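*Asks:* Structure of the sequence below:
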Amino acid sequence: MEERIKDARPMMDLMAKKVFSNTEITAQFIRDILDLPVQTVTILDGTQIHEQQFEDFLTYMTSIDVLAALQDGTQVIIEIQVAFQIDFIKRLWLYLCEQVSKNLDVYKKDGVQTHRLAEEMLPVYTIAITQKRFFDDERMIHSFSLRDDTTSEELKVHFKGIDEKRNLVRMVILELEKYHNTDIQHYRKVRWIEFFGNKPYTQNPETILKQADQIINPVGWTKEEKAMLDERTRYLQAYYGHLATVEYQKEEALKQGLEQGLQQGRIETIVDLIKNGILSKEIGAEQLNISEKELNMYL
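*Replies:* Numbers count the residues shown, from 1 in each chain. Model prediction:
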């Protein structure tokens, strides 16, 4: 299918961060995906655009892409995932749990007594936009919450400062690879799959989407931003190609119960990156936790 905007890459971290640095766009995105009465949004973390060396991508760091807070204190983690990783869903849950834990630490520093921490607790939800499919069905959007096993009734509780009961947990995953333009009933959600997938809009876009399109259109980027985009593109193309190999090796190793197979796949990937001039031997040795002398045996 044709691209909506030539050479635009909405799923690249640089572009996604530019999009979500706009609080009006972020508010509408959360409003559509989570069906929440969003009035205002504050970006707490994750929209800084800066140089990041390729070796930073080699480990699965526990950092989130974007963290936003709504006017009632609700926090929303927005995660962009391009390559398939078999542990991604668990990592998404980890981000949510870590954010809840960080909030509790803040309450403690503010002098909230342990037995009153639950009173101060605010909801933390996650939205993931994934390039690849993670579920076997053909639904583009999956929404998860805590429910009763018998009645499927959602578990909702009162949170401080919020009038209506809210879900204790929400996790929504958008899978771009499953895109089809036949789900008109949920189009306010589907249009964001069209946006991040750089697909032509099925319906005339509202002003907020036109505004987002202007942000991701490389024509409007500065010379420095374009240079950074080209550099990041080169890094990520190499990284995701090798990551696919690593994930396959990992999956096979887990199936066979062979830790050795997993390590061998990681070694081969690091060696390829070094030979292609993308990674230094020093960094490669650190990633493998071996000496440069030992690494030379594989080169």
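
*Asks:* And the residue nearest the centre of the chain, how far from residue 107?
*Replies:* Central residue check for the chain by Cα atoms, centre = their mean: the C-alpha nearest the mean position is that of residue 79, 1.9 Å away. Taking Cβ to Cβ, to the nearest Å as the measure, residue 79 falls 24 Å from residue 107. (C-beta placed from N, C-alpha, C; glycine too.)

*Asks:* try residue 286
*Replies:* 37 Å.

*Asks:* the more surrounded of those two?
*Replies:* residue 107 (19 against 15; other Cβ atoms under 10 Å).

*Asks:* Find the helix or strand that that one is a member of.
*Replies:* helix 88-109 (DSSP states H and E).

*Asks:* immediately after that helix, which helix or strand?
*Replies:* If you walk from helix 88-109 toward the C-terminus, the next helix or strand you reach (DSSP H and E) is helix 117-120.

*Asks:* Could you list the buried residues of that following helix?
*Replies:* Using 16 or more other Cβ atoms under 10 Å as the test for burial, helix 117-120 gives residue 120.

*Asks:* by contact count, what packs against the next helix or strand after that helix?
*Replies:* Remark: after helix 117-120, the chain's next helix or strand is strand 124-130, criterion DSSP H and E. The helices and strands touching strand 124-130, judged by 3 or more Cβ pairs under 8 Å, 6 or more residues apart in numbering; DSSP states H and E, are helix 23-34, strand 75-81, helix 88-109, strand 170-175.

*Asks:* Distance to residue 209 for those - can I get that in a markdown table?
*Replies:* Shown next, in a markdown table, are the helices and strands packed on strand 124-130 (distance: least, Cβ to Cβ, whole Å):
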| stretch | distance to residue 209 |
| --- | --- |
| helix 23-34 | 9 |
| strand 75-81 | 17 |
| helix 88-109 | 25 |
| strand 170-175 | 15 |
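
*Asks:* how about those, which one is nearest residue 273?
*Replies:* Proximity to residue 273 (Cβ to Cβ) singles out strand 75-81 among those, at 21.0 Å.

*Asks:* Can you give the strand pairings for that closest one, parallel or anti for each?
*Replies:* strand 66-70 (antiparallel), strand 124-130 (parallel) (DSSP bridges).
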